[in-house]
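Participant: A predicted structure for the sequence below; I have some questions about it.
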Amino acid sequence: MENTSSSSSVLPSCTYNEDFKRILLPVVYSVVFVLGLPLNFAVILQLWGSRRSLTRTNIYTLNLAAADFLYVCSLPLLIYNYGSRDYWPFGELTCRWVRFQFYSNLHSSILFLTCISVQRYMGICHPLSPWLRRAGRKLAWAVCASVWVIVALLCAPTFEFAATGIQRNRTVCYDLSVPERSQQYYPYGMALTCLGFMLPFMVIVLLYCKMARVLCQPGDASGEAAKEKKCKAVRMIAIVVLVFAVSFLPFHVTKTMYLSVRTLPDAPCQLRNFFSVVYKSTRPFASMNSVLDPILFYFTQPKFRRSTRSLLLRVTTYRENSKQGERPPKKLINQKSLRA
């Protein structure tokens with residue numbers, strides 16, 4: 001949360017009306033938890049089962065699902081927090097960790113989607129590139145490790161700014177920073193938005209414009225295989241743009257406006273309250289990427305859809321055999337179905 005009532009030596013005292021989030025955030029976070037936990041676990045299970053034959057795109061997808069899964073696991077604490085009218089009984093360190101989880105998931109998702117987009121761009125616009133041929137899975141794993149390090153460095157100051165405090169005789173967990181450090185947080189918040197969102201977003205827009213131009217040209221290749229590859233690329237473009245439009249863009253736009261307004265010493269309390277409501281209303285949509293990411297993978301990976309159906313069939317067989325006292329099969333997942 002951010003200050004529902006704040007007072008500092010810089011900003012005038014202002015009480016925020018945030019009753020809306022007592023219902024909105026617990027409901028949305030509960031939906032994200034119920035859907036995101038099994039969806040991301042299924043993606044991790046499917047991809048890890050065939051880790052020796054993963055494509056570079058699927059390596060990025062595996063790391064993307066891992067980031068989403070870690071974030072979803074932290075949501076029960078936030079559900080309890082907002083359902084209890086911002087009461088935070090879990091301690092200072094847990095508060096800082098949950099806030100770090102939110103922003104690290106957000107920006108790791110953006111960067112891994114950027115990696116997937118670059119991989120798609122090379123495959124569509126430069127399919128015969130020598131670099132693409134030399135770029136093996138080891139390079140993809142190295143890129144993923146670099147993304148984790150970059151995200152950790154970008155979001156590390158969250159541990160410094162996020163903190164607990166006392167409001168209305170109860171302990172709360174601040175989202176961005178305590179009210180007294182609003183001015184100090186502003187340059188970091190803007191830098192995080194520029195480096196963790198604006199720069200990757202501009203790269204993705206540029207790459208997708210070039211991909212769209214190539215895909216819209218009359219192709220020389222014909223046949224079902226070429227059409228399927230083209231349709232798959234178009235689906236990827238459409239769904240990634242949807243994820244950014246729904247999850248990332250509104251959140252960062254409203255966050256930037258809120259950060260700017262709350263640092264103005266002469267900003268009316270009503271104006272600050274308005275931008276606070278707008279910003280916090282987009283927070284649930286930023287969390288929705290934990291559900292949209294596995295859906296993106298599902299609709300762009302036909303092999304995963306076939307493997308999922310096979311998994312569900314085998315799980316059903318396992319349950320039936322267990323009820324009948326028969327020995328279940330040793331493997332529930334057909335790892336060969338995901339080989340690229």
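Facilitator: Structure received.

Participant: so where's the stretch 201-340 of the chain shaky on pLDDT?
Facilitator: Applying pLDDT under 70 to the stretch 201-340 of the chain flags residues 217-234, 299-316, 318-340.

Participant: now the strands: where do they sit in it?
Facilitator: Residue ranges of strands cannot be listed for the stretch 201-340 of the chain, since DSSP state E, counting those that start in this stretch assigns none.

Participant: can you give me the helices in it?
Facilitator: When assigned using DSSP state H, counting those that start in this stretch, the helices of the stretch 201-340 of the chain occupy the ranges 224-243, 249-262, 269-287, 289-300, 302-324.

Participant: What is the burial count for the closest residue to Ser74 other than its chain neighbours?
Facilitator: By the measure of C-beta to C-beta, 6 or more residues apart in numbering, the closest residue to Ser74 outside its immediate chain neighbours is Gln101, 4.6 Å from it. All C-beta spots, glycine's among them, are computed from the backbone N, C-alpha and C. Here the count is done by other C-beta atoms under 10 Å, and Gln101 has 21 residues near it.

Participant: I figured Gln101 hits Tyr71, correct?
Facilitator: Yes: using C-beta atoms under 8 Å, Gln101 makes contact with Tyr71 at a distance of 5.3 Å.

Participant: which neighbours do these two share?
Facilitator: Shared contacts of Gln101 and Tyr71, defined by C-beta atoms under 8 Å, 6 or more residues apart in numbering, are absent.

Participant: quick one: low-confidence ranges for the stretch 1-150 of the chain?
Facilitator: Across the stretch 1-150 of the chain, the stretches falling below the confidence threshold (pLDDT under 70) are 1-18, 128-135.

Participant: quick one: contacts for the closest residue to Leu35 other than its chain neighbours?
Facilitator: If the residues on either side of it in the chain are set aside, Leu35 comes closest to Val291, at 4.9 Å by C-beta to C-beta, 6+ apart. With contacts taken as C-beta under 8 Å, 6+ apart, Val291 has the following neighbours: 31-32, 35-36, 39.

Participant: now do 7 Å
Facilitator: When contacts are counted by C-beta atoms under 7 Å, 6 or more residues apart in numbering, Val291 touches 32, 35-36, 39.

Participant: Just the buried ones from the residues you listed?
Facilitator: Restricting the contacts of Val291 to buried positions leaves 32, 35-36, 39, with burial counted as 16 or more other C-beta atoms under 10 Å.

Participant: biggest helix in the protein, by residue count?
Facilitator: Across the chain, the helix with the greatest residue count (assigned by DSSP state H) is helix 92-125.

Participant: How far away from the center of its chain is it?
Facilitator: 6 Å (C-alpha atoms, centre = their mean, to the nearest Å).

Participant: go on, stretch 193-211?
Facilitator: On the basis of C-alpha atoms, centre = their mean, stretch 193-211 sits 16 Å off its chain's mean C-alpha point.

Participant: Phi and psi next, for Leu264.
Facilitator: According to degrees, to the nearest 10, the main-chain angles of Leu264 amount to phi -80, psi 120.

Participant: Number of residues surrounding it?
Facilitator: Leu264 has 12 neighbours, counted by other C-beta under 10 Å.
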